[in-house]
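Trainee: Next one to model:
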Amino acid sequence: MPSSSTGRLVTELENSRYRFGRAEAARLIRLLSRVAGARFDDIPTLIRLHEVLLVLRAFPASARVLRRTEQLLNTFWKRVARLNKTGADLDDFDPLEVSGIAGTVMQDALGFDLARWLVKRMPGKVEIAWEDFDDERAMGAVWPLLMPLLEEDSLAEANIPWRTWLEKAQGSKSTSPAWLIEEIDRLPLPPGDKSRLYDSLHMPVRWRLENSRVSRTRNWRSPRNVFYHREPAITRKEVSLAQELSRRPPTLKALSLSQGEAIMDLIREVMLVRYRELYGTTLGDPRSVVRADVGRGVSIYLWGLPPARRLPLRAYVAGLTLKNGVPINYIEAIGLCEWMEIGFNTFYTFRGGEVAWVFGQVLRCLCRLMGTTCIAMYPYQLGHSNEEAIESGAFGFYRKLGFRPGRADLLRLVESEEDRIARQPSYKTSARTLRRLAEGHAFYELPGNEIGAWDRFSTRNIGLRVNGRIAADFEGNLQGFRRASAKSLSRILHTQVPHPGEGSYDSFHNFAMLASLIPDMSSWSASEKEAVRETIRAKSGTNEMRYLRLLQRHDRLREALLKLGSPVRGLAKS
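Mentor: Numbering: from 1, shown residues only. A predicted model of the protein is given here:
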């Protein structure tokens with residue numbers, strides 16, 4: 001079939017992907033039958049076909065459409081392999097918007113934890129990209145920890161044969177990074193230090209997807225119950241966050257350890273093939289995974305971090321949404337007391353499919369899990385230093401759902417824009433104005449929440465105040481400050497400072513540095529101090545959400561946090 005014909009065929013599929021009904025389902029079957037027999041020699045058209053097949057798999061109009069789509073996806077790698085054999089330039093498969101297609105090869109400098117997972121997940125298919133790896137200073141700093149007498153060469157000679165040293169040390173000419181990763185993992189260091197050591201190498205690795213389930217083409221799962229779309233999709237105009245968040249909270253079902261581990265593997269696959277690596281998607285705690293089935297084939301998974309990898313002050317939740325078993329977005333939420341910052345990223349392929357309704361369900365689940373009543377959108381999510389969000393109109397999407405800018409100047413600007421649009425329906429807000437509107441957080445408060453309480457808050461400001469105290473009173477001596485603040489807090493709370501290795505050691509010292517900025521804590525009541533002790537223990541406990549709930553009940557501590565998180569002179573809130 002000529003390329004012009006395949007292009008028209010894919011266009012027909014794209015125009016029909018969100019059309020539902022018996023007649024449309026029958027039409028899709030005819031189009032998919034034509035696709036099965038078509039030869040695609042044009043890579044951009046083949047990529048378009050791949051994306052529309054994923055949409056049809058997530059939003060099937062019938063059981064026949066689902067089966068035919070799965071057949072085409074499961075054999076899609078053969079189309080890529082055929083083009084590769086002809087010597088075609090496969091660079092069009094590289095951009096992150098379309099990466100991860102079966103049959104392609106990927107390359108990235110992964111973090112330690114994800115690289116360690118990958119070499120175990122895809123044995124024999126991961127290699128060091130030597131032609132792009134030439135950071136001799138990093139190798140000279142790290143590799144002598146793993147290879148005896150290497151410093152005899154690296155400190156005194158030029159033109160070090162790094163690859164020869166590695167081959168001798170691992171006993172083979174394998175180009176896999178597995179040996180390096182295993183040896184770093186054996187070092188007697190805390191997990192975070194191992195990660196920082198490996199990450200300093202910036203070592204690029206390459207992996208072959210072939211027809212793996214890790215590929216974006218096939219990393220969907222078969223759900224027990226498929227939701228077939230027979231009516232129009234839910235549009236943004238039909239979604240009211242107020243109505244969604246006033247509904248009965250969803251049921252969050254705790255998963256078993258094995259089920260949680262399977263979800264952790266899935267989210268790493270999902271992010272890996274999209275060149276994305278978030279702290280919570282790589283290091284999620286499989287013991288904390290919960291699932292909510294919210295209808296229309298949508299399942300939302302949420303999880304926290306293991307105690308040893310948690311943030312110092314805020315509670316962290318990450319998540320993933322499956323639509324009929326197909327990953328359609330990922331979630332990041334970071335909370336303190338009743339306030340939560342959220343990152344909600346729908347994958348490009350699925351941005352035409354009920355995004356606003358899914359967003360509402362994600363918020364329902366997060367508010368249930370975290371006790372949230374004040375929701376804040378990251379500036380990046382709105383378009384700050386994110387041209388993709390500017391082009392997609394992200395600020396307008398959240399504004400129409402009820403979010404308001406937290407800065408008075410930005411609120412005046414958006415209200416002025418809305419007045420102008422009301423007078424001139426053809427008017428469109430410029431990209432320059434959208435970039436300005438994205439400079440600050442946008443907020444949505446649930447009924448009963450104190451409006452504007454968190455508008456000027458940032459945990460960065462707390463950290464800056466702590467560091468200012470270290471510089472002013474301890475001449476920059478961090479360890480001296482840690483010891484002094486821990487000793488002071490132990491006196492105030494009438495408790496002992498935890499010993500190194502105890503679960504609450506880090507949480508106590510982190511909180512002690514914060515408490516050093518609360519001048520009246522020694523005068524708090526006995527019950528308020530006991531609540532602080534319980535909160536510190538909960539930070540390193542099994543379920544970090546209990547920590548959030550305790551913060552929400554401690555009015556005096558919440559008031560102190562809000563004050564310390566207010567803007568620091570000389571630094572604009574970001």
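Trainee: which stretches of the stretch 251-400 of the chain form helices?
Mentor: Remark: helices assigned in the stretch 251-400 of the chain by DSSP state H, counting those that start in this stretch are 257-272, 279-282, 355-370, 379-382, 387-392, 394-400.
Trainee: Identify each buried residue in the fifth one, please.
Mentor: The reference is to helix 387-392. 389-390 (16 or more other Cβ atoms under 10 Å). In short, each C-beta sits where N, CA and C put it, glycine included.
Trainee: picking up where we left off before, could the helices of the stretch 251-400 of the chain go into TSV alongside mean pLDDT and distance to residue 100?
Mentor: As requested, those are exported to TSV (pLDDT from 0 to 100; distance: least, Cβ to Cβ, whole Å):
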stretch	mean pLDDT	distance to residue 100
helix 257-272	97	8
helix 279-282	96	15
helix 355-370	97	21
helix 379-382	94	22
helix 387-392	91	17
helix 394-400	95	23
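Trainee: Note down every partner strand of the strand of greatest length in the chain and its orientation.
Mentor: Counting residues, the longest strand in the chain under DSSP state E turns out to be strand 326-336. Sheet pairing for strand 326-336, assigned by DSSP bridges, gives strand 315-323 (antiparallel), strand 339-346 (antiparallel).
Trainee: re the thing from before, including distance to residue 329, could the helices of the stretch 251-400 of the chain go into CSV?
Mentor: Converted to CSV, the helices of the stretch 251-400 of the chain look like this (distance: least, Cβ to Cβ, whole Å):
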stretch, distance to residue 329
helix 257-272, 10
helix 279-282, 12
helix 355-370, 7
helix 379-382, 12
helix 387-392, 13
helix 394-400, 13
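Trainee: Assumed residue 99 was part of a helix.
Mentor: No: in this structure, residue 99 is coil, not part of a helix, as judged by DSSP: H, G, I helix; E, B strand; the rest coil.
Trainee: Would you mind confirming that it makes contact with residue 272?
Mentor: No: Residue 99 is beyond contact range of residue 272, at 9.6 Å (criterion: Cβ atoms under 8 Å).
Trainee: Chain neighbours aside, what residue packs nearest to the residue positioned nearest the centre of the chain?
Mentor: For the chain, the residue nearest the mean C-alpha position is residue 278 (4.6 Å; Cα atoms, centre = their mean). Once flanking residues are discounted, residue 278 sits nearest to residue 332: 6.0 Å by Cβ to Cβ, 6 or more residues apart in numbering.
Trainee: And the pLDDT for that neighbour?
Mentor: pLDDT, residue 332: 97.
Trainee: on that earlier part again, what about the helices of the stretch 251-400 of the chain, which gets the closest to residue 18?
Mentor: helix 355-370 (11.6 Å; Cβ to Cβ).
Trainee: Just the residues contacting stretch 416-428, thanks.
Mentor: By Cβ atoms under 8 Å, 6 or more residues apart in numbering, the surrounding residues in contact with stretch 416-428 are 429, 433.
Trainee: Ignore what I typed, I meant stretch 237-253.
Mentor: Contacts of stretch 237-253 (Cβ under 8 Å, 6+ apart): 290-294, 300, 302, 356-357, 359-361, 363-365, 367-369, 401-402, 444, 446-447.
Trainee: Now do stretch 13-30: distance to the chain's middle.
Mentor: Centroid separation between stretch 13-30 and its chain, computed with Cα atoms, centre = their mean, to the nearest Å, is 33 Å.
Trainee: What residues sit buried inside it?
Mentor: So, applying 16+ other Cβ under 10 Å, buried residues of stretch 13-30: 13, 16-18, 20, 24-25, 27-29.
Trainee: just the angle between the longest strand of the chain and helix 355-370, please?
Mentor: Using axes from the mean of the first three to the mean of the last three Cα atoms, to 10 degrees, one finds that strand 326-336 and helix 355-370 are set 40 degrees apart in direction.
Trainee: what's the distance between stretch 286-294 and the middle of its chain?
Mentor: That offset, for stretch 286-294, works out to 16 Å (Cα atoms, centre = their mean).
Trainee: Over to stretch 560-573?
Mentor: 26 Å.
Trainee: Now do the strands in the stretch 351-500 of the chain.
Mentor: Remark: strands assigned in the stretch 351-500 of the chain by DSSP state E, counting those that start in this stretch are 374-377, 404-405, 442-445.
Trainee: Can you tell me which of those is most buried?
Mentor: strand 374-377 (a mean of 25; mean count of other Cβ atoms under 10 Å).
Trainee: So residue 349 is in contact with residue 53, correct?
Mentor: No: with contact defined as Cβ under 8 Å, residue 349 does not reach residue 53; the gap is 9.7 Å.
Trainee: of those two, who's got more company?
Mentor: Neighbour totals were compared for residue 349 and residue 53, and residue 53 leads with 23 against 19 (other Cβ atoms under 10 Å).
Trainee: List the contacts of the nearest residue to residue 150 once chain neighbours are set aside.
Mentor: Nearest non-adjacent residue to residue 150, counting by Cβ to Cβ, 6+ apart: residue 144, 4.5 Å away. Counting by Cβ under 8 Å, 6+ apart, residue 144 makes contact with 150-151, 154.
Trainee: Double-check that residue 144 belongs to a strand.
Mentor: No: read with three-state DSSP, residue 144 is helix and lies in no strand.
Trainee: Model confidence score at it, please.
Mentor: 95.
Trainee: And the one 4 residues further on, by the same measure?
Mentor: Listed pLDDT for residue 148 reads 95.
Trainee: quick one on the thing from earlier: among the contacts of residue 144, name the buried ones.
Mentor: 150, 154.
Trainee: any chance of the contacts of residue 144 in CSV, with distance to residue 252 too?
Mentor: Output for the contacts of residue 144, formatted as CSV (distance: Cβ to Cβ, whole Å):
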residue, distance to residue 252
150, 51
151, 53
154, 52
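Trainee: Of the contacts of residue 144, just say which sits nearest to residue 411.
Mentor: Among the contacts of residue 144, and counting by Cβ to Cβ, the member closest to residue 411 is residue 154, at 57.6 Å.
Trainee: From residue 112, how far off is the nearest residue in space to residue 145 that is not next to it in sequence?
Mentor: Ranked by Cβ to Cβ, 6+ apart and with sequence neighbours excluded, the top spatial neighbour of residue 145 is residue 187, at 6.6 Å. According to Cβ to Cβ, to the nearest Å, residue 187 and residue 112 sit 11 Å apart.
Trainee: what do you get for residue 366?
Mentor: 29 Å.
Trainee: Please apply the same query to residue 499.
Mentor: With Cβ to Cβ as the criterion, residue 499 and residue 112 are 28 Å apart.
Trainee: More neighbours: the two, which one.
Mentor: Taking other Cβ under 10 Å, residue 499 and residue 112 do not tie; residue 112 has more neighbours (22 against 8).
Trainee: any idea how far the closest residue to the more buried one other than its chain neighbours is from residue 40?
Mentor: Distances taken as Cβ to Cβ, 6+ apart put residue 198 closest to residue 112, at 3.7 Å, once the chain neighbours are dropped. To residue 40, residue 198 is 40 Å away according to Cβ to Cβ.
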